[in-house]
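In: Pasting a predicted model and its sequence here:
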Amino acid sequence: MFPVDLIRRSPVDITKLIRARDVPALIRLFDNPDATIRKQACDALSSPDLDAVLPVVSALASPSAPTRLGAIEVLAVICDGRSARPLERHLLREKYIELRYAAVLALGRIGSPGSIPVLLPLLRDSDKYIRNGAATALADLGWEPPTEPDRLAYQIAEPDWGAVRFAGTAAIGPLRAVFHDTDPATRADIASLLGEIGSGEGGAACETGLMDRDPHVRWAAVLSAMDCGIHPCRLPPFVAARERTGPNPVAAALLNFLFLGLGYNYVGKWWGFPVFMTYMSVIVLAQIALGPFLPFLFAYPVTAVFGVHAYSLARRIADS
């Protein structure tokens, strides 16, 4: 057992650390595997008795994601204006969606109006959680959309699809801007909404939906296509141009031809690897008896048949 494990698993006396005002030790507990200890550390650092704002702000630079998350949660509870700028800078460099989401909500709770310019672009972010968090934070800051595009971006971020639908063709542009959302359900909602609005201006976004890798998005785009000005005859080429996510039939056939069984394993058959091990054992025994090359002259005509079989299996697997 490593010394680090011994330290982490040893009993932690939170009360003793609080009495000692040992802020660095409390911050280190953000990385503790015990969720109860992490919560106790956050509660302790959030207490007004400990002026922990600046040390906790420094923890935003930690390489540990749990430590950064704990720091964000504490700053959101303390609501000290000194933490607004560091959180804004951290938001721009944070790579994890969950931590960015937490930082956005924390900025709303801290209540610094200077955070509004940082939050506004996030209404058009590619992730629905970041957009929704930005809308929540801006509402907490008392922000009101000054323009129609900002209002639509805010409604899409909430999301308030009824209000967006009521906006009519003015919503086409903002909807197209977020059609690259990472969530398939959101993309499907947007595709359906474009059809309900029923404008030819949504045709480009609907075409993108027809080529989406997710089947639900594609189907929503198919149902909306004619309302978006796309002729039914154009639907099959767009759907056929989608990104294929299933196994490659050629790769499955080639693997089975050269290494019988691996092609089956590639298409998800659990027994593919045992078949491969049996095949290789037979080949090795045959090479001992007949030499290194002659066994393959007998094997390849047989494996070619199984290669065709693997090809047909891969073709039948749905590329959802």
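Out: Received the coordinates, thanks. If you're wondering where the values come from, they're calculated on a predicted model, not measured in any experiment.
In: Show me what counts as buried in the biggest helix by length in the chain.
Out: Counting residues, the longest helix in the chain under DSSP state H turns out to be helix 294-316. Using 16 or more other Cβ atoms under 10 Å as the test for burial, helix 294-316 gives 295, 299, 303, 306-307, 310-311, 313-314. Yep, even glycine has a C-beta here, placed from its N, CA and C like the rest.
In: go on, stretch 137-144?
Out: For stretch 137-144, a neighbour-count test (16+ other Cβ under 10 Å) marks 137-138, 140-141, 143 as buried.
In: what's the straight distance from one end of that stretch to the other?
Out: Distance across stretch 137-144, first residue to last, is 12 Å (Cα to Cα, to the nearest Å).
In: Give me the mean pLDDT for that stretch.
Out: For stretch 137-144, mean pLDDT is 94.
In: need the contact list for the residue most central in space within the chain.
Out: The centroid of the chain falls nearest to Thr182 when counting by Cα atoms, centre = their mean (6.2 Å). Thr182 makes contact with 126-128 under the criterion Cβ atoms under 8 Å, 6 or more residues apart in numbering.
In: Quick one: low-confidence residue ranges for the protein.
Out: Of all residues in the chain, those with pLDDT under 70 make up the ranges 1-12, 318-320.
In: Could you break it into its assigned domains?
Out: 3-141, 156-240, 249-316 (automatic domain parsing).
In: I'd like the next helix or strand past the helix or strand harbouring Arg38.
Out: For Arg38, the element it lies in under DSSP states H and E is helix 35-45. Stepping forward along the backbone from helix 35-45, the first helix or strand reached (DSSP H and E) is helix 53-58.
In: So what touches the longest helix of the chain?
Out: Identification of contacts with helix 294-316 by Cβ under 8 Å, 6+ apart yields 246-258, 260, 263-264, 266-267, 269, 279, 283, 286-287.
In: Stretch 262-274 too?
Out: Outside stretch 262-274, the residues that reach it (Cβ under 8 Å, 6+ apart) are 247, 251-257, 261, 275-276, 306-307, 310, 313-314, 317.
In: ditto for stretch 243-255
Out: 211, 213, 262-268, 307-308, 310-315, 317-320.
In: if you set the cut-off to 10 Å instead, what comes out?
Out: For stretch 243-255, contacts defined as Cβ atoms under 10 Å, 6 or more residues apart in numbering pick out 211-215, 261-268, 272, 276, 303-304, 306-320.
In: Would you list the buried entries among the contacts of Thr182?
Out: Judged by neighbour count, with buriedness set by 16+ other Cβ under 10 Å, the buried members of these are 127-128.
In: of all the contacts of Thr182, which comes closest to Ala59?
Out: Ranked by distance to Ala59 (Cβ to Cβ), the contacts of Thr182 are led by Asp127 at 24.2 Å.
In: OK, contacts around the closest one?
Out: Contacts for Asp127 were tallied using Cβ under 10 Å, 6+ apart; they are 97, 100-101, 133, 178, 181-183, 186.
In: now Leu141
Out: When contacts are counted by Cβ under 10 Å, 6+ apart, Leu141 touches 107-116, 119.
In: Turn those into JSON lines, including distance to Ala59 and secondary structure.
Out: Supplementary listing: the contacts of Leu141 in JSON lines, determined by distance: Cβ to Cβ, whole Å; DSSP: H, G, I helix; E, B strand; the rest coil:
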{"residue": "Leu107", "distance to Ala59": "17", "secondary structure": "helix"}
{"residue": "Gly108", "distance to Ala59": "20", "secondary structure": "helix"}
{"residue": "Arg109", "distance to Ala59": "18", "secondary structure": "helix"}
{"residue": "Ile110", "distance to Ala59": "16", "secondary structure": "helix"}
{"residue": "Gly111", "distance to Ala59": "21", "secondary structure": "coil"}
{"residue": "Ser112", "distance to Ala59": "20", "secondary structure": "coil"}
{"residue": "Pro113", "distance to Ala59": "25", "secondary structure": "helix"}
{"residue": "Gly114", "distance to Ala59": "22", "secondary structure": "helix"}
{"residue": "Ser115", "distance to Ala59": "20", "secondary structure": "helix"}
{"residue": "Ile116", "distance to Ala59": "25", "secondary structure": "helix"}
{"residue": "Leu119", "distance to Ala59": "22", "secondary structure": "helix"}
